[in-house]
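1. okay, here's the prediction I keep looking at, along with the sequence it came from:
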Amino acid sequence: MKNYFGKPIKKLGFGFMRLPTYPGKPETEIDLDQVKAMVDLYMERGFTYYDTAYRYHGGKSEEAIRVAVSERYPRDSFQVTTKLPVSGNTTLDEMKEITKTSLERTGLDFFDLYFIHGIGHGPLEMLDKIKVWDYMKGVRESGKTKNLGFSYHGKADMLNRILDIHGNDIDIVQLQINYIDWDDEDVQSRKCYEACLSHGTGVIVMEPIRGGTLSNFTPEVASIFKRANPELSPASWALRYTLGLEGVVTVLSGMSALEHVEDNTKTANSFVPLSEPELGVISEVMAELKKIPTIPCTECRYCVEGCPQKISIPRILDLLNEYTLYQNLTSTKRIYGFVTTGFGPFSGAPVRASDCIECGACEKECPQNIKIIDAMKDAARLFE
């Protein structure tokens with residue numbers, strides 16, 4: 001596999017997408033002391049790759065990179081990727097300003113990898129219209145990034161078309177890959193992964209634990225893992241599923257607590273591929289999960305960014321899943337009250353599901369194609 005960073009790196013990346021925040025505070029209020037402790041443990045165990053984006057935590061994620069990483073460690077001891085958001089109305093001057101801002105926020109002179117953020121939501125013609133491919137090549141030629149890539153949330157046919165045209169200029173593509181989405185026809189993890197391999201393009205795995213979904217199960221599902229190996233966490237099975245894939249540069253985990261760093265680094269440092277019997281355990285788990293209908297939200301928060309009401313959509317979807325799995329209406333209604341009033345340990349935006357105006361902005365941004373408007377109606381009916 002090509003060496004993209006001048007030296008081999010361990011295959012566990014630290015996603016700065018779900019950083020710890022203070023109880024009752026918005027996502028922009030990051031607990032930087034806790035982040036520093038997480039970074040220190042991560043680095044101590046030999047891991048070096050950080051993934052952020054211009055929009056994560058309202059821009060505070062990039063600043064957290066500066067405070068927790070770039071101001072505290074030598075530049076040659078870590079790698080950073082961030083992402084350029086674009087739309088059909090983005091201008092060249094705006095792209096330049098975003099890149100400049102990202103460099104300032106992170107405290108870096110260059111990125112190790114610079115992504116176009118979230119290709120797959122709109123037509124390819126939009127990207128050509130705003131000349132983002134030419135702009136990105138210019139960023140690399142200027143020395144502000146060493147590698148180019150994009151994160152992808154579309155079907156394999158479109159990805160193949162992109163790589164047919166731009167593959168010579170693209171080093172790495174970031175894909176959603178996990179054992180649930182591997183053969184899912186909406187996500188097409190396997191097909192997109194194979195498209196990258198066929199073009200000689202490196203792959204970075206995102207959502208290997210599916211936004212935490214594959215670490216929390218009903219007792220019935222969790223018992224399948226426990227019977228197979230009581231020493232391993234469910235999350236470690238999900239990580240191992242992707243760590244052994246050919247052509248994978250690193251596997252990202254959006255860690256939000258020190259215990260996540262502890263568990264994930266332990267798994268990656270002692271990694272061995274899943275055996276045939278262990279793959280059989282995964283198959284058994286998937287069969288059991290298919291019996292439980294839940295909403296496939298990964299908490300990417302793209303829906304929140306476009307919502308004019310600023311509804312805490314991912315948290316409400318999570319509560320719907322919680323109710324589906326455990327049928328504990330008293331508990332979920334209580335947490336819903338915290339989430340939608342702005343008070344308490346689970347507080348979010350003081351907006352309820354019934355405040356949805358059905359504009360559809362959230363559904364246009366959702367990589368999982370969730371019927372969010374219908375879900376908000378369900379939440380209002382159940383919890384209000």
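-> Received it, and whenever you're ready, just let me know what you need. Numbers count the residues shown, from 1 in each chain.
2. if you rank every helix and strand of the chain by mean pLDDT, what lands last?
-> helix 329-341 (a mean of 79; mean pLDDT, DSSP states H and E).
3. using the three-state scheme, assign A195.
-> Of the three states, A195 takes helix under DSSP: H, G, I helix; E, B strand; the rest coil.
4. returning to what we had before: would you mark the buried spots in the least confident helix or strand of the chain?
-> T332, I335, Y336, G337, F338, V339, T340 (16 or more other CB atoms under 10 Å). Yep, even glycine has a C-beta here, placed from its N, CA and C like the rest.
5. check contacts around the closest residue to the last one other than its chain neighbours.
-> Nearest residue to T340, sequence neighbours excluded (CB to CB, 6 or more residues apart in numbering): R352, at 4.5 Å. With contacts defined as CB atoms under 8 Å, 6 or more residues apart in numbering, the neighbours of R352 are I311, T340, A380, E384.
6. lowest pLDDT pick from the residues you listed?
-> On pLDDT alone, T340 ranks lowest of those, at 86.
7. that one touches P350, doesn't it?
-> Yes - between T340 and P350 there is a contact at 6.7 Å, judged by CB atoms under 8 Å.
8. coming back round to it: any chance of the buried residues of helix 329-341 in CSV, plus distance to L319?
-> Formatted as CSV, the buried residues of helix 329-341 follow (distance: CB to CB, whole Å):
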residue, distance to L319
T332, 5
I335, 6
Y336, 6
G337, 11
F338, 10
V339, 7
T340, 10
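9. now, which of those sits nearest E104?
-> V339 (33.4 Å; CB to CB).
10. distance-wise, check that closest one relative to C297.
-> 14 Å (CB to CB, to the nearest Å).
11. next one: K36
-> Separation of K36 from C297 (CB to CB): 29 Å.
12. try N147
-> Noted for N147: a distance of 30 Å to C297, by CB to CB.
13. how about the secondary structure of A53?
-> Per three-state DSSP, the secondary structure class of A53 is coil.
14. please name the nearest non-neighbouring residue to it.
-> K83 (3.9 Å).
15. check which helix or strand covers that neighbour.
-> strand 79-84 (DSSP states H and E).
16. what does L320 give?
-> Assigned by DSSP H and E, L320 belongs to helix 313-326.
17. so which elements touch that helix?
-> Helices and strands touching helix 313-326, by 3 or more CB pairs under 8 Å, 6 or more residues apart in numbering; DSSP states H and E, are helix 302-306, helix 329-341, helix 372-383.
18. just want the angle from it to helix 329-341.
-> 180 degrees (axes from the mean of the first three to the mean of the last three CA atoms, to 10 degrees).
19. what's the following helix or strand after the strand holding K83?
-> Counting by DSSP H and E, what follows strand 79-84 is helix 92-106.
20. tell me the mean pLDDT over that next one?
-> Helix 92-106 carries an average pLDDT of 98.
21. would you format the helices and strands packed on helix 313-326 as JSON lines with distance to F78 included?
-> Below are the helices and strands packed on helix 313-326 laid out as JSON lines (distance: least, CB to CB, whole Å):
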{"stretch": "helix 302-306", "distance to F78": "27"}
{"stretch": "helix 329-341", "distance to F78": "35"}
{"stretch": "helix 372-383", "distance to F78": "36"}
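22. out of the ones you listed, which comes closest to E63?
-> helix 302-306 (17.7 Å).
23. run through the neighbouring helices and strands of the closest one.
-> Helix 302-306 is packed against helix 313-326, helix 361-365, with contacts defined by 3+ CB pairs under 8 Å, 6+ apart.
24. mean neighbour count, those helices: which tops it?
-> Counting by mean count of other CB atoms under 10 Å, helix 313-326 has the highest mean neighbour count of those, with a mean of 21.
25. which one of K36 and C297 is surrounded by more residues?
-> A direct count of neighbours by other CB atoms under 10 Å for K36 and C297 places C297 higher, at 25 against 15.
26. so how far is S253 from the spatially closest residue to the more buried one that is not a sequence neighbour?
-> In space, and not counting its chain neighbours, C297 is closest to L317: 4.3 Å by CB to CB, 6+ apart. For L317, the distance to S253 equals 21 Å [CB to CB].
27. do the same with R75
-> For R75, the distance to S253 - CB to CB - is 23 Å.
28. the more surrounded of these two?
-> Ranked by neighbour count (other CB under 10 Å), R75 and S253 place S253 first, with 30 against 14.
29. now that one: phi and psi?
-> phi -130, psi 120 (degrees, to the nearest 10).
30. is it in a bridge, and if so with what?
-> F14 (DSSP bridges).
31. for the stretch 1-150 of the chain, what spans make up the strands?
-> Taking DSSP state E, counting those that start in this stretch to define them, one finds strands in the stretch 1-150 of the chain at 12-15, 49-51, 79-84, 113-119, 148-152.
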